[in-house]
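Peer 1: pasting the structure only:
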Ligand code: GDP
C-alpha cells in the first residue's frame, strides 16, 4: 500500500534533553529545509518559549527520507513539553504510531520522561529510547540504560546512543523510525475519521485545524462534522506541512496535514475531537477525547485603567490561538475593569501574563491565583468558587472542598529529607518512595493543588540544586478547613492579594505577605500599616515608616530646571504604580508578592 512508507512519530523528552536539536538535525538530514532558512522557519517560536525551554505550539513537519530507492514520508509531530499541557501531549501522541523517547545521558530519567513514556505506551505507540548527549564528558549511558529497565521496563538493548549535537547515532535513529515505527494504523475502519491534535487562528482564514487522518479522506469542499462538539462546516482548504502549509486536493488515511474550516471562533473547535465527513460518517469517535477545564484562575487588570480596551483586544487575540485559555470580564473596586482568566496550570498562567506584557506591551496587575473550590452553605446551596472575593462568610459555610493532585517527584538521594519536608509543609502526604537507581528516588505524593501553585516548583529546583523534577495530575477533591485571608494596606483591603488558605497556614502566610509587601512598597509621606486578616481578625502586621523628606526639598532656592527634572523622574516612577486608597502600589509588588509567599 502507498501508506506503507508513511511514519508518523513524535519526540518526547524532558525539557532541555535535546528535542529541538534532534528535530533540527532530522530536518537537515532529510534536507527538508535549507539550513539557512531553518532557524526562522522552524524555531520561529516566541522568545518566551525559548527562554523557558518549553514548546507552546506544536508545528508538525513532513519530510522525505530515501532508503533502498524507496521514499519514506516522515511526519514529525511536536509535543508541548510541560505538565500543564499533558492533555495536549496525549492528543499529539494519539496522532502518531511511534515516539522517540529522548533522555539526556548526563541527567537521566526525569519526571516528565516517565509521564510522557507512560502516555505513549497507553496510546499503543512504539517507544524508541534514545540516549542523547553521549558526547558530554559527564555522560553515563550505562546508568541510563539501567534506569530504562528499572523505571520504565524498557530493555536496555533497545536504546540508541546518540548525540543530536555531533550527529552520533543519527543514521540509527532514522533506521529505527523506518523499521520500528509501524505504518499508519486503523486505515480500514468504517467512515472517515481524523483527529484534531492542534489548531491555530489565522486572521484571514479563521480556525485552521492540524489533523491526522486515520481512515477515509478529507477533501476540499467536504461537508464535515466535529463529532465531540457537534459543530458542522465545510472544508475550505486541505493540505500538508512541508514545512509550510501547502494546499492539496485531499488528505487520505494515514496522513498528517491541516484543514481550513472557515470557523471564526476557536471555542467551537476542541482539541482531540474527531472530524468525520457527512457523506462518509464514522460510527464512533477516535478514543481519548476529553473536554479540558481550566484549573487555575486569576484576575488580570490593566495597571492604567485607560488601557482596558487594549487589554480586552489582547486577551481576545491570545484566546484565538489558545483554546485552553478562558476569560470573562469582571470589575473590582480597587482595580477597575479587568478579566477573570482561567488557565490549565501555573506555567500556562505565567505564559499568558508574560505575553501580555511583552507582545502586547501592557502593564498588567494579576491577582493572587486560585483553584476551584467546592462548597456547601448552611442553607443547603452548593457552589464552586475560583475567586476569593466570592468566598462566603465563615458562618455560612457547611463544608468546603479543595482540588487535590497526585505528584511524582524525582530527586537525588541527598535531597530526599528536604523534599519530604517540603511536601509535608505543603500539606501533602507522601504515598510511596521508589528507587530509580543508586543515586535517585521517585516520590509519589498527594497534595492540595492550591499549595503547589505559587512556589513549589521553584523550591523543588532550589533544594535539589536543579536536579529534581516534578509531574502531576488531578486527583479529585477533599474537604479542608479553608479560610479567606485579606491583606489591608492602611485599613484598605487589597483584593488582588486576597487568597483562600488553610486555617493553620493563615498566620505564616499572612506574615510572609506583609513582610514582603513592606519591602516592596515605596515609603509614603505617612506611616502605613500592612495587615493580614482572617474573618475580621488580624493575624499579622507590619508598619512601613514614613518617608523622611520631600525629594524637592534639597532644591529650594536652587536651579529650577533641576527641580523640574526631579519631578519628572518622580512622575515616571509613578507611571507604573497603582493608586489604592491613599497608597501607591508599584506593579512589581503585585508580581513579586506571588513569587515568594
Ligand atoms: P529541548 O528543550 O529538549 O528542546 O532541548 P534543546 O534541543 O533546546 O537542547 C537543550 C540544550 O542541550 C541546548 O543547549 C543544546 O545545544 C544542548 N544539546 C542538545 N543535544 C545535545 C547533544 O547531543 N550533546 C550536547 N553536548 N549538547 C546537546
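Peer 2: Here it is on my side, so go on. Remember, it's a predicted structure, so these values are computed and weren't measured experimentally.

Peer 1: shaky segments in the stretch 151-300 of the chain?
Peer 2: By pLDDT under 70, the stretch 151-300 of the chain contains no weakly predicted segment.

Peer 1: need the residues of it near the ligand, please.
Peer 2: Within reach of the ligand by C-beta under 6 Å from any ligand atom, the stretch 151-300 of the chain has these residues: 163, 164, 165. From N, CA and C alone the C-beta is placed, and that goes for glycine too.

Peer 1: is the second one within a helix or a strand, and which one?
Peer 2: Pointing back at residue 164 there. Per DSSP states H and E: residue 164 is located in neither a helix nor a strand.

Peer 1: report pLDDT for residue 71.
Peer 2: At residue 71, the pLDDT value in this model is 90.

Peer 1: please name the residues that touch the closest residue to it other than its chain neighbours.
Peer 2: Nearest residue to residue 71 in three dimensions, chain neighbours excluded: residue 64, at 5.3 Å (C-beta to C-beta, 6 or more residues apart in numbering). For residue 64, the contact set (C-beta atoms under 8 Å, 6 or more residues apart in numbering) comprises 30, 32, 71, 72, 73, 74.

Peer 1: apply 7 Å and report the result again.
Peer 2: By C-beta atoms under 7 Å, 6 or more residues apart in numbering, the residues touching residue 64 are 30, 71, 72, 73.

Peer 1: where does it sit: helix, strand or coil?
Peer 2: Judged by DSSP: H, G, I helix; E, B strand; the rest coil, the three-state class of residue 64 is strand.

Peer 1: mind listing the residues bridging to it?
Peer 2: Note on residue 64: beta-bridge partners by DSSP bridges are residue 73.

Peer 1: tell me which residues in stretch 87-96 are buried?
Peer 2: Using 16 or more other C-beta atoms under 10 Å as the test for burial, stretch 87-96 gives 87, 88, 89, 90, 91, 92, 93, 94, 95, 96.

Peer 1: nearest to the ligand, of those residues?
Peer 2: residue 89 (13.4 Å; C-beta to the nearest ligand atom).

Peer 1: does that closest one touch residue 77 like I think?
Peer 2: No. Residue 89 lies out of contact with residue 77 (C-beta atoms under 7 Å); the separation is 10.6 Å.

Peer 1: which two of the buried residues of stretch 87-96 lie the greatest distance from each other?
Peer 2: Largest separation among the buried residues of stretch 87-96 by C-beta to C-beta: 87 and 96, giving 15.7 Å.

Peer 1: could you pull up the residues touching residue 276?
Peer 2: 191, 192, 193, 224, 225, 227, 282.

Peer 1: check residue 155 too.
Peer 2: residue 149.

Peer 1: quick one: least confident helix or strand in this structure?
Peer 2: The least trusted helix or strand in the chain, going by mean pLDDT, DSSP states H and E, turns out to be helix 35-42, with a mean of 47.

Peer 1: helix or strand right after the biggest strand by length in the chain?
Peer 2: Assignment by DSSP state E gives strand 397-412 as the longest strand of the chain. The element immediately downstream of strand 397-412 (helix or strand, assigned by DSSP H and E) is helix 416-425.

Peer 1: so which residues make contact with the next helix or strand after that next one?
Peer 2: Once the chain leaves helix 416-425, the next helix or strand it forms, by DSSP H and E, is strand 429-437. Outside of strand 429-437, the residues within contact range by C-beta under 7 Å, 6+ apart are 109, 143, 146-147, 150-151, 410, 420, 423, 441-446.

Peer 1: and what of stretch 379-398?
Peer 2: 297, 340, 370, 372-378, 483-484, 495, 498-500, 535.

Peer 1: now the helices: where do they sit in the stretch 451-597 of the chain?
Peer 2: 456-463, 506-520, 560-575, 587-595 (DSSP state H, counting those that start in this stretch).

Peer 1: just how off-centre is the helix or strand where residue 176 lies within its chain?
Peer 2: For residue 176, the host element (DSSP H and E) is helix 170-180. On the basis of C-alpha atoms, centre = their mean, to the nearest Å, helix 170-180 sits 31 Å off its chain's mean C-alpha point.

Peer 1: who's in contact with stretch 531-545?
Peer 2: 394, 483, 485-488, 506-507, 510-511, 513-515, 518, 521, 523, 527-530.

Peer 1: again, only this time at 6 Å
Peer 2: Applying C-beta atoms under 6 Å, 6 or more residues apart in numbering, the contact partners of stretch 531-545 are 394, 483, 485-488, 506-507, 510-511, 514-515, 518, 521, 528-530.
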